[in-house]
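In: Test case, fold it:
(one chain, ligands or ions: 1)
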Amino acid sequence: MQSQSALATALHHRSIRRFTDQAIPTEVFEQLIEAGQMASSSSFLQSVSIIRVTDSIKRQQIRTICGGGSETGQMYVQESPEFLVFCIDTYRHQQLVPEAQTDWMEMLLIGAVDVGIMAQNVLLCAESVGLGGVYIGSLRNGIAQVADILGLPTGVVPLVGLCLGYPDQTPLQRPRLPTHVILSENHYQAASQRDLAEYDEQVRAYYVQRSSKALNWTEQVRNTLAKPIRPEILPFLHKQGLAKR
Ligand SMILES: Cc1cc2nc3c(=O)[nH]c(=O)nc-3n(C[C@H](O)[C@H](O)[C@H](O)COP(=O)(O)O)c2cc1C
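Out: Numbers count the residues shown, from 1 in each chain. Next up, the predicted model:
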């Protein structure tokens, strides 16, 4: 299997939301999952399970949740050749050790970090062999319904989805914050107003070019964070026996 270097692949990243009809060959799919499994794991707890969603009705139901009621939102969840749901899994720990204290907040962080690392191994390796993909956090719009659809037991939380397939688009790369804003040495260095204003302008120019919608980063942050953000997550975690203390 031909594979681009990790560095070249990472530097080329953009999320892909439109795919050709070409299926991912089984041997490629299996290798991607293995690459995910070989990711580092906090305390070697291996706190992740992946659900491969092949049932078209389930895909449709999850797409509706991700689209937030829109008829056409996030269609790639339904249409991508592969759709994986990465879950924090503490059920296995409970199976093995019934007195395991999996309800601490720390366990949630352990699971969330493991999920992120495993999923990124899968996406990066997928991109390195010519595939593309996009993460799907919007399944948390209806986290309890997604858990029902996938038959998740207590101790298991659907954290993020991943659409995968062969790209049918080459989107512009989204500009990131300048390196000196996110990297500092020995002590935290807050971003200057000037840096943030310059970056706002860069993001605005990107959006104008992409979609003629002049949205800057400040507006994007405000749109996402200046309101309650999925307040039903905490009660769901508690119901699943997580993050209780
Ligand atoms: C955890 C996570 C969840 C995401 N959820 C969604 C999603 O639900 N729908 C979507 O279209 N993109 C989603 N994205 C993709 C981001 O919008 C995208 O990574 C970001 O805008 C940067 O663009 P790029 O990946 O093309 O560089 C998600 C990304 C991450 C890391």
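In: Now the residue nearest the centre of the chain, what are its backbone angles?
Out: By C-alpha atoms, centre = their mean, the mean C-alpha position of the chain lies nearest to Y135, the distance being 3.7 Å. Here the main-chain torsion angles of Y135 (degrees, to the nearest 10) amount to phi -70, psi 150.
In: ditto for the one 5 residues further on
Out: R140 has phi and psi values of phi -80, psi 0 when expressed as degrees, to the nearest 10.
In: quick one: it and S70, what's the gap?
Out: 16 Å (C-beta to C-beta, to the nearest Å). Any C-beta I mention is one placed from the backbone N, CA and C, and that applies to glycine too.
In: With neighbour numbers in mind, choose between the two.
Out: Between R140 and S70, R140 has the larger neighbour count (other C-beta atoms under 10 Å), namely 21 against 11.
In: partners of the lengthiest strand in the chain, with directions?
Out: Longest strand of the chain, by residue count under DSSP state E: strand 156-165. Its sheet considered, strand 156-165 pairs with strand 82-89 (antiparallel), strand 132-136 (antiparallel) by DSSP bridges.
In: Next, the buried residues of the helix or strand just after the last one.
Out: For strand 132-136, the succeeding helix or strand toward the C-terminus, using DSSP states H and E, is helix 143-149. Residues of helix 143-149 classed as buried under the neighbour-count rule (16 or more other C-beta atoms under 10 Å) are I143, A144, V146, A147, I149.
In: With stretch 77-95 instead?
Out: So for stretch 77-95, counting by 16+ other C-beta under 10 Å, buried means 77-94.
In: So which of these reach the ligand?
Out: Among the buried residues of stretch 77-95, none lies close to the ligand by the criterion of C-beta under 6 Å from any ligand atom.
In: so which strand or helix has S49?
Out: Using DSSP H and E, S49 sits in strand 48-52.
In: and the angle from the longest helix anywhere in the chain to strand 132-136?
Out: For the chain, the helix with the greatest residue count under DSSP state H is helix 105-128. On the basis of axes from the mean of the first three to the mean of the last three C-alpha atoms, to 10 degrees, helix 105-128 is oriented at 160 degrees to strand 132-136.
In: what about helix 105-128, near the ligand?
Out: No: on the criterion C-beta under 6 Å from any ligand atom, helix 105-128 is out of touch with the ligand, staying 7.4 Å away.
In: From the chain's centroid, how far away is that helix?
Out: Its chain's C-alpha centre and that of helix 105-128 lie 8 Å apart, by C-alpha atoms, centre = their mean, to the nearest Å.
In: Can you give me the buried ones in it?
Out: Applying 16+ other C-beta under 10 Å to helix 105-128 flags 107-108, 110-112, 114-116, 118-119, 121-128 as buried.
In: Please, which helix or strand holds P175?
Out: Per DSSP H and E, there is no helix or strand for P175.
In: State the phi and psi torsions of it.
Out: The phi/psi pair for P175 (degrees, to the nearest 10) is phi -70, psi 140.
In: try the one 10 residues further on
Out: As for E185, its main-chain torsions (degrees, to the nearest 10) stand at phi -120, psi 120.
In: tell me, how many neighbours does it end up with?
Out: Count around E185 with other C-beta under 10 Å applied: 5.
In: Rebuild the buried residues of helix 143-149 as CSV, extending it with pLDDT and distance to the ligand.
Out: Output for the buried residues of helix 143-149, formatted as CSV (pLDDT from 0 to 100; distance: C-beta to the nearest ligand atom, whole Å):
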residue, pLDDT, distance to the ligand
I143, 98, 13
A144, 98, 17
V146, 98, 12
A147, 98, 17
I149, 98, 16
